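Peer 1: sequence first, then the predicted structure:
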Amino acid sequence: MDLQKLKNQVIRGELEIPDDCGRIFSFIDFSNVNRWFEKDNQDWNNKLIADDEKLDIDLEKLKSFVDVFNGKVRIYYGEDFRNPESKKFTYVIRKIFGKRKVVIKDLQRIKHYIDVDKIDNVKYIIKDKNGRYYTEIRKCNFDVEISVDAIKMIRHYDTFCIFSGDADFTYLNNFLRSRGKKIIIIKGGYITVKLRKSADLVINAQKIKKHIVRIIKTKT
């Protein structure tokens with residue numbers, strides 16, 4: 001057994017992934033994954049990080065981690081067409097994962113009007129032409145795209161692995177299980193009881209932190 005295969009076997013053992021999972025197809029909702037560790041103040045060794053540091057998803061490490069499953073992958077990313085950095089990120093994520101494995105759509109900006117005299121610590125306050133203040137809630141939901149792709153590709157996997165704790169996937173999970181598929185959920189925080197019951201295995205993101213993150217300096 002070569003070194004990479006041994007490493008994969010060790011990681012699968014740590015995560016208690018059964019040998020009978022067969023072909024695992026990973027579906028990664030990156031906007032969900034990207035928020036998993038944003039409030040963490042400790043690294044993967046439970047060591048405190050500095051005040052000017054934060055945990056960041058390392059795309060190359062994420063790709064290497066997914067390769068442990070010896071299966072296929074699709075990753076979903078909401079691009080902010082107004083932001084040049086977001087477009088650069090699109091280029092990088094396609095380069096690492098492969099263009100055909102990355103699903104991109106425009107990030108939505110939803111106006112949320114606020115009373116600036118009553119709310120503290122609100123970033124990016126904007127004033128409209130009528131003199132009212134609002135902030136933008138940025139959202140990009142891929143539930144439909146992931147569900148459609150999972151069903152279209154149902155013949156290409158034995159286990160559906162979803163990188164998201166979104167309760168909306170409960171219905172999809174139950175459908176796939178009725179078709180003989182196994183379900184793995186990798187989740188960041190709390191998930192509903194129904195979502196948990198729809199899966200064969202639930203993995204907390206903290207267990208894979210060391211495999212997918214890096215420490216970077218925060219912008220000042």
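Peer 2: Thanks, I have the structure now. The structure presented is a predicted model; accordingly, all values stated were derived computationally and were not measured.
Peer 1: quick check: closest non-adjacent residue to the residue positioned nearest the centre of the chain.
Peer 2: Centroid-nearest residue in the chain, with CA atoms, centre = their mean: Val33, separated by 2.5 Å. Spatial nearest neighbour of Val33, chain neighbours left out: Phe163 (5.3 Å); criterion: CB to CB, 6 or more residues apart in numbering. The C-beta positions use only the backbone N, C-alpha and C, and glycine is treated the same way.
Peer 1: tell me where the model's unsure across this structure.
Peer 2: 1, 108-140, 220 (pLDDT under 70).
Peer 1: which residues in it form helices?
Peer 2: 3-14, 30-33, 59-67, 84-97, 143-152, 170-178, 193-197, 209-212 (DSSP state H).
Peer 1: by contact count, what packs against the second one?
Peer 2: The one in question is helix 30-33. strand 72-79 (3 or more CB pairs under 8 Å, 6 or more residues apart in numbering; DSSP states H and E).
Peer 1: the strand it packs on packs against which elements?
Peer 2: When contacts are defined as 3+ CB pairs under 8 Å, 6+ apart, strand 72-79 sits against strand 24-29, helix 30-33, helix 84-97, strand 102-106, helix 143-152.
Peer 1: name the stretch among these that sits most buried.
Peer 2: Neighbour counts (mean count of other CB atoms under 10 Å) averaged over each of those peak at strand 24-29, with a mean of 23.
Peer 1: same for that one, what does it pack against?
Peer 2: helix 59-67, strand 72-79, helix 143-152, strand 159-163.
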